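# Sequence first, then the predicted structure, then my questions.
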Amino acid sequence: MDLDNFGRYRAMNGSNASYAPRDVNREFGEDYGSRIFAGNVIQRRLAPNVLDKLERTIHFGTKLDPEIADEVAAAMKDWAIENGCTHYCHWFQPLTGATAEKHDSFLSFDGRGGVIAEFTGESLVRGEPDASSFPTGNIRDTFEARGYTAWDPTSPAFITINGGEATLCIPTVFVSWTGESLDQKTPLLRSIEALNTHAMRILKSFGSAEGVHRVSSTLGCEQEYFLVDEDAWSERPDLMLCGRTLLGADSPKGHQLDDHYFGSIPHRVLSFMGDVEERLYLLGIPAKTRHNEVAPAQFELAPLFESTNLACDHQMLTMSVLKNVAREHGMVCLIHEKPFAGVNGSGKHNNWSLSTDSGKNLLSPKSNLQFLSFVTAVVRAIDLHADMLRATVANAANDLRLGANEAPPAIISIFAGHLLQFMIDELIAGKTIQKAEGSFMELGSESLPKVERHAGDRNRTSPFAFTGNKFEFRAVGSQASVAWPNTVLNTIIAESLDHIATRIEEAVEEGMDTAARDAAVMTILQDVMKQHSRVVFNGDNYSDEWKQEAERRGLPNLRSTPDALPAMETDKAKALFDAYNVLSDSELEARVEVLYESYVTVCEIEARTQMMMLNTMVLPAVARYQSEIGESVAAASAAGVESTAMKSRLEELVRLTASLYSAIQEIESFLSADFDCVKQRAVDIRDTLLPAMERARTSCDALEGLVPSDLWPLPSYTELLFGGLA
């Protein structure tokens, strides 16, 4: 692309534009949650007895009383209509990894030839979408179309406004006619129940359960994303169809200077971020942090912690808001894990913790055995089921970043840090455990305050790091639903809590004094930690030495999606999910099948897109330049002038073009071949198709460095990453 056009991206919205501050007369947070059916809204609109029953379900997990459905539905309808809604939908999360919704009007006949607005309890509680057009992993045949959505009252209904249309959205689960889960939410809710059951047993063992009704996992997800100008995006078929660039030479500048991370946020981007936060606050989503990320044009948004079910719903909404608001600002939000080669990709750090309904964080460091019981359960769970946890983040996009020096490796290990490692060492040694304390740093100037030093450092290379009062699972992909990783995380930790609680209950006799009880518990935790501490590693996870050490320790290194997914097909995995009522064998098999199908489909779409761009855009441009060079060489020769440099350039163009044609033929041959087994196809894609695509890209990117920019048909990395956001 002609660099003369570069300026038009920068000029979009005016690089010197100023923006008025937001309404300073409005009280901070006054509109927070105004588009969700919760809090003050339900307190004003529901009768006290109905409100009490609904809140018991929301907060304590009690079964929903069907008698209140009609009154809740009527209040919800009135509230929605007052806020401009004419339609409602059951909002659910099928196995596509996205969300789905079917809009129905409140319109109903009144029996007298007119119409009224109506919304019944039955319409609230149950819907009936066609299940045959969603991925089911062969759990249902095409002709078996009936599916059901069922209201999840623990996640509040909300109002979205898109294209000027307001819609009431009701979070639901999605199941087949046989009752089998076809969605992300159902197994997540089941895993939350399993976790609560066995965490409560630990609390009861220590006499800490008084006043506690539930223990839930809590979650805060850091969302990374890129922004590019919409004009440049619209000239890149790969970005439009695949969400990432399949071709493109490196920009002379990437993030070598480390000047983008935490840098001043460009004004156009800051305006976008402000609008995003306003939308999120209306939906009750507690966006907290915004900043520039490492790569150029890369940014991050992070919320406060919420219950995991609600946080998963809010995460899906956050991605939707980011995409919609970006378009309103003339930009496109790219949430793909690796939209650009050669610069950092995007992840979604999954910050996971355990809290009681009274607000106590069970992973806040203490020197007591209760805290260590929960930590030991986490260590055991990750060691036993590292392969399953790795499989939860396996997909074509995430394969592009895991294992590179920008993201955690495919080897799952735990970073404990100074504080927790000290306590683990003391536990294994059988010593009395003392909490390691932080200290204060003197900064060398009397005018500067003393800064408290945390008891432990951070390790950004670790895939699963203890960061003070939570564990941060850093391998989740930026565009992925976090429901599946957290379903597995909850389940494997529930199993370890069950194991430890059972051993404690067997060892601790009724009437045993505290000292004897603690000694018995200490022995159990010491034994478990000795068996499973191999998964703890506090060093550089990027190093070759760690790969060798991990192999020596027997830790799995599942480098690609076809390597990782078989972990979900083992008898161990099936028994685990079945024992804790999270997934039946058929439900688990369906999910694995869908993941294989998705990997194959995504890779083949990318291959076809790359071929289309090469054949219809790149090769014609290269041919034109070769013709120009050939004419120049011929003219020089006719004039009796030796043109060694131009001949060399022509030979290089011909060589690279031949190499490119060869790779294209490999890709075409692969895509035209029939296959019977999707799992074998996935392996063949990894071993044959992806290397051919990489060879095609290498040749193409080299040609981009030779062909004049006015002939090159695609916006360059420089234009995409540095144009239009200032």
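Received it, and whenever you're ready, just let me know what you need.
# Which secondary structure elements does the helix or strand where Thr186 lies sit against?
Assigned by DSSP states H and E, Thr186 belongs to helix 185-205. Other elements packing on helix 185-205 under the criterion 3 or more Cβ pairs under 8 Å, 6 or more residues apart in numbering; DSSP states H and E are strand 165-176, strand 215-229, helix 308-328, strand 348-356, helix 369-391, helix 483-507. Any C-beta I mention is one placed from the backbone N, CA and C, and that applies to glycine too.
# Could you give the average pLDDT over the fifth one?
Same thing as helix 369-391. Mean pLDDT, helix 369-391: 97.
# Report the buried residues of that helix.
369-391 (16 or more other Cβ atoms under 10 Å).
# angle of that helix against helix 185-205?
Interaxial angle of helix 369-391 relative to helix 185-205 (axes from the mean of the first three to the mean of the last three Cα atoms, to 10 degrees): 160 degrees.
# Restricting the selection to alpha carbons, write helix 369-391 to CSV.
The C-alpha trace of helix 369-391 is given here as CSV (Å, rounded to 0.1, in the frame of the first residue of the first chain):
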residue,chain,number,x,y,z
LEU,A,369,-3.5,-24.8,58.7
GLN,A,370,-6.8,-23.9,57.2
PHE,A,371,-5.1,-21.6,54.7
LEU,A,372,-2.5,-24.3,54.0
SER,A,373,-5.2,-26.9,53.5
PHE,A,374,-6.7,-24.9,50.6
VAL,A,375,-3.2,-24.2,49.1
THR,A,376,-2.3,-27.8,49.4
ALA,A,377,-5.5,-28.7,47.6
VAL,A,378,-4.6,-26.4,44.7
VAL,A,379,-1.1,-27.8,44.4
ARG,A,380,-2.4,-31.4,44.4
ALA,A,381,-5.0,-30.5,41.8
ILE,A,382,-2.6,-28.8,39.4
ASP,A,383,-0.1,-31.6,39.7
LEU,A,384,-2.6,-34.4,39.1
HIS,A,385,-4.5,-32.7,36.4
ALA,A,386,-2.1,-30.3,34.7
ASP,A,387,-2.8,-32.0,31.4
MET,A,388,-6.5,-31.3,31.7
LEU,A,389,-5.9,-27.7,32.6
ARG,A,390,-3.6,-27.3,29.6
ALA,A,391,-6.4,-28.8,27.4
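# Show me what that helix is packed up against.
Counting contacts by 3+ Cβ pairs under 8 Å, 6+ apart, helix 369-391 packs against helix 185-205, strand 414-415, helix 417-429, strand 464-466, helix 483-507, helix 514-532, helix 561-564, helix 571-579.
# low-scoring stretches of this protein, by residue?
1-25, 130-132, 137-145, 254-259, 367, 405, 434-457, 726 (pLDDT under 70).
# what domains does the record give for it?
Taking automatic domain parsing as the criterion, the chain consists of the domains 31-183, 191-246+277-583, 599-722.
# His267: which of those domains is closest?
Closest to His267 of the domains of the chain, according to Cβ to Cβ: domain 191-246+277-583, at 11.2 Å.
# residues near Ser659, how many?
Neighbourhood size, Ser659 [other Cβ atoms under 10 Å]: 17.
# residue contacts, it?
Applying Cβ atoms under 8 Å, 6 or more residues apart in numbering, we find Ser659 in contact with 695, 699.
# Please identify the buried residues of the helix or strand containing it?
Take DSSP H and E as the rule and Ser659 turns out to sit in helix 644-672. Residues of helix 644-672 classed as buried by neighbour count (16+ other Cβ under 10 Å): 646-647, 649-650, 653, 656-657, 659-660, 663-664, 666-667, 670.
# ok, those vs Val521, which is closest?
Using Cβ to Cβ, Phe670 comes nearest to Val521 of the buried residues of helix 644-672, at 57.6 Å.
# which residue sits closest to the closest one, ignoring its sequence neighbours?
Among residues not flanking Phe670 along the chain, Leu689 sits closest, at 4.9 Å (Cβ to Cβ, 6 or more residues apart in numbering).
# thought that neighbour was touching Ser672?
No. Between Leu689 and Ser672 there is no contact under Cβ atoms under 8 Å: 11.7 Å.
# How about the contacts made by the residue nearest to the spatial centre of the chain?
Central residue of the chain (Cα atoms, centre = their mean): Ala480, 3.8 Å from the mean position. By Cβ under 8 Å, 6+ apart, the contact list for Ala480 reads 97, 348, 393, 395, 398.
# hang on, the earlier thing: as a markdown table, the buried residues of helix 644-672 with distance to Val228 would be great.
Formatted as a markdown table, the buried residues of helix 644-672 follow (distance: Cβ to Cβ, whole Å):
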| residue | distance to Val228 |
| --- | --- |
| Met646 | 36 |
| Lys647 | 39 |
| Arg649 | 32 |
| Leu650 | 34 |
| Leu653 | 29 |
| Leu656 | 27 |
| Thr657 | 29 |
| Ser659 | 29 |
| Leu660 | 26 |
| Ala663 | 27 |
| Ile664 | 27 |
| Glu666 | 30 |
| Ile667 | 26 |
| Phe670 | 30 |
